[in-house]
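S.K.: I need the structure of the sequence given here:
(one chain, ligands or ions: 1)
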Amino acid sequence: MTNRSEELFHRAQQKIPGGVNSPVRAFRGLGITPPFITSGSGSHIRDVDGRDYIDYVGSWGPLIFGHAHPKVLEAIRRTLEHGTSFGAPTELELQMAERICDMVPSVDMVRMVNSGTEAAMSAVRLARGVTGRDAIVKFAGCYHGHADSFLIRAGSGALTLGVPDSPGVPHKLAADTLIADYNDLESVAALFATHPQRIAAAIVEPVAGNMGVVPPAPGFLQGLRRICDEHGSLLIFDEVITGFRLGRGGAQERFGVLPDLTVLGKIVGGGLPAAAYGGRRDVMEQLAPSGPIYQAGTLSGNPLAMSAGMAQLDLLEQDKPWDRLEGTSSRLESGFREIINAMGLRLAVNRVGSMMTVFFADPEVKNYSDTARAQTQRHAAFCREMLQRGVYLAPSQFEALFISVAHSEQDVERTLEAAQASLAKAFTS
Ligand code: PMP
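M.R.: Next up, the predicted model:
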């Protein structure tokens, strides 16, 4: 049997570091060659060897309506006819800004950028600029892109100063990233007490997705809001994953806590490169050219990305799909729970709306240290078997599975059948 993915991956490794343009795509955790994808339609993707998969990655979140939605494609086509980029103001950018401000409760003004990394990095610069302070609080296990200040995890406990996760991140900069524990307000209060007048902002995923899905404990987000207010620091919600997915106004609307700044990502590009950050008017007005804090971008607000993003936001406004997403997602969750219980396994299933993780860990996962108990080898065996059976999951335990509007009853049933067989295999191998 020919395996074109293997052939392509071999070639890719000669010219692209690790063969991929973003590390997790290499499927290293699973120890197999990643399928090279040729096309997607609705909830399915197809690889170069002609295999079809039910896709729960959805380009890592943005495709709430699934792949190649006709309205998104049509919007891109319409815009394309008029040119691809001007580096000058367009009406599309204005429509996007008005729409985001209308949908996201805490956002009065917004700036478009090209990636979640850029958005989070710029929001932190803005927070540092307006407060005149250098330090930030970040939570162990939360990911905010690969800018230098974010590639830091907890060293040896909550009060440890940051140490870089990656060579190339200056130690001096890492020292300004203070690491707290998710769902642990005491660890946050302790950092603020130890570093008075130094903390510009706390940045958090309001529902963590990047250590696998971890919901905020009741009162956690409210507590963060209170602590930031007490210390004159800004609260930044990174809603790259949760924005629009967990409800019209994202996690901030769902949990009723308003941040000062919000980071939005890929969802605003509808599958094309776009992201945004926005928030309080008095803070956003400090950005150049209305204020002194610099941030710029040649392709920011790119017309193609804006039209794809607007088409998806239009679909959200028309369809209001959140109840439907909740229905499909809760069927998937309860199906997994039934299988897990029937097999006598003890795995934690964490879900908020259409983001879910089955942790191969017991009994609960509430923060980054809990994730250390995950049996990653068994999880990898499970994912490999799922892939064989035509279900494409994120190739890592520490990621979310994303359900889209395009996932059908039949997709869920097929996924659960595959899950039963794959769990059996993972726990006997
Ligand atoms: N923040 C969060 C919460 C994310 O999940 C991601 C990426 N998945 C980013 C920021 C970075 O976004 P990007 O990959 O577009 O730079």
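
S.K.: now stretch 256-272: average pLDDT?
M.R.: The average pLDDT within stretch 256-272 is 97.

S.K.: can you name the residue of the stretch 201-350 of the chain nearest the ligand?
M.R.: Residue of the stretch 201-350 of the chain nearest the ligand, by CB to the nearest ligand atom: V240 (3.5 Å). Heads up, the C-betas are built off the backbone N, CA and C, glycines and all.

S.K.: can you check the chain too?
M.R.: Residue nearest to the ligand within the chain: G116 (2.2 Å; CB to the nearest ligand atom).

S.K.: thinking again about what came up before, okay, now the residue nearest to the residue of the stretch 201-350 of the chain closest to the ligand when sequence neighbours are not counted: neighbour count?
M.R.: Nearest residue to V240, sequence neighbours excluded (CB to CB, 6 or more residues apart in numbering): G265, at 3.1 Å. The number of residues packed near G265 is 29, by other CB atoms under 10 Å.

S.K.: ok, G265 - contacts?
M.R.: Contact partners of G265, counting by CB atoms under 8 Å, 6 or more residues apart in numbering, are G61, P62, S115, G116, A119, E239, V240, I241, G243, A275, A276.

S.K.: mind checking what helix or strand follows the helix or strand of the chain with the lowest mean pLDDT in sequence?
M.R.: Ranked by mean pLDDT, DSSP states H and E, the helix or strand of the chain with the weakest confidence is strand 163-164, at a mean of 72. Sequence order places helix 171-174 as the next helix or strand after strand 163-164, per DSSP states H and E.

S.K.: next SSE after that following helix?
M.R.: Assigned by DSSP H and E, the successor of helix 171-174 is strand 177-180.

S.K.: starting at the chain centroid, how far to that following strand?
M.R.: Averaging C-alpha positions (CA atoms, centre = their mean, to the nearest Å) puts strand 177-180 20 Å from its chain's average.

S.K.: who's in contact with F27?
M.R.: T33, P34, P395.

S.K.: count the residues that sit near P35.
M.R.: 22.

S.K.: wasn't it part of a strand?
M.R.: No - looking at P35 with DSSP: H, G, I helix; E, B strand; the rest coil, it is coil, so not inside a strand.

S.K.: what bridges to the nearest residue to it once chain neighbours are set aside?
M.R.: Sequence neighbours aside, D47 is the residue nearest to P35 in space, at 3.8 Å (criterion: CB to CB, 6+ apart). Residues in a beta bridge with D47, per DSSP bridges, are I37.

S.K.: could you pull out the helices for the stretch 151-300 of the chain?
M.R.: Using DSSP state H, counting those that start in this stretch, the helices of the stretch 151-300 of the chain run over 171-174, 185-194, 220-230, 250-255, 281-284.

S.K.: and the stretch 101-250 of the chain, which residues reach the ligand?
M.R.: 115-117, 120, 143-145, 205, 209-210, 238, 240-241 (CB under 6 Å from any ligand atom).

S.K.: quick one: contacts for G232?
M.R.: Going by CB under 8 Å, 6+ apart, G232 touches T131, Q197.

S.K.: do the same with P363
M.R.: R346, A348.

S.K.: re the thing from before, number of residues surrounding the residue nearest to P35?
M.R.: Counted with other CB under 10 Å, residues neighbouring D47 total 20.

S.K.: centroid residue for the protein?
M.R.: What sits nearest the mean C-alpha location of the chain, by CA atoms, centre = their mean, is I241, with 3.6 Å.

S.K.: so how far is A251 from the closest residue to that one other than its chain neighbours?
M.R.: With CB to CB, 6+ apart as the criterion, I241 has its nearest non-adjacent residue at 4.3 Å, and that residue is G209. Here the criterion is CB to CB, to the nearest Å. By it, G209 lies 10 Å from A251.

S.K.: so for those two, which residue has more residues nearby?
M.R.: Ranked by neighbour count (other CB under 10 Å), G209 and A251 place A251 first, with 28 against 25.

S.K.: isn't the more buried one right up against D238?
M.R.: No - contact criterion CB atoms under 8 Å: A251 and D238 do not qualify, at 9.6 Å.

S.K.: which residues do those two both contact?
M.R.: With contacts taken as CB under 8 Å, 6+ apart, the residues that reach both A251 and D238 are P206.

S.K.: before we move on, the earlier item: check contacts around the residue of the stretch 201-350 of the chain closest to the ligand.
M.R.: Here V240 is in contact with 61, 116, 119-120, 144-145, 205, 263-267, 275 (CB under 8 Å, 6+ apart).

S.K.: ok, now with 10 Å
M.R.: V240 sits next to 60-62, 115-117, 119-120, 143-145, 205, 209-210, 262-268, 275-276 when contact means CB atoms under 10 Å, 6 or more residues apart in numbering.

S.K.: need the pLDDT of it.
M.R.: 97.

S.K.: coming back round to it: now do the residue nearest to V240 against G353, distance only.
M.R.: Distance check for G265 against G353: by CB to CB, it reads 16 Å.

S.K.: mind listing what's buried in stretch 183-196?
M.R.: Buried residues in stretch 183-196, defined by neighbour count with 16 or more other CB atoms under 10 Å: N183, D184, L185, S187, V188, A189, L191, F192, H195.

S.K.: now render those as a markdown table, adding pLDDT.
M.R.: Converted to a markdown table, the buried residues of stretch 183-196 look like this (pLDDT from 0 to 100):
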| residue | pLDDT |
| --- | --- |
| N183 | 98 |
| D184 | 98 |
| L185 | 98 |
| S187 | 97 |
| V188 | 98 |
| A189 | 98 |
| L191 | 97 |
| F192 | 98 |
| H195 | 97 |
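
S.K.: no further questions, thank you.
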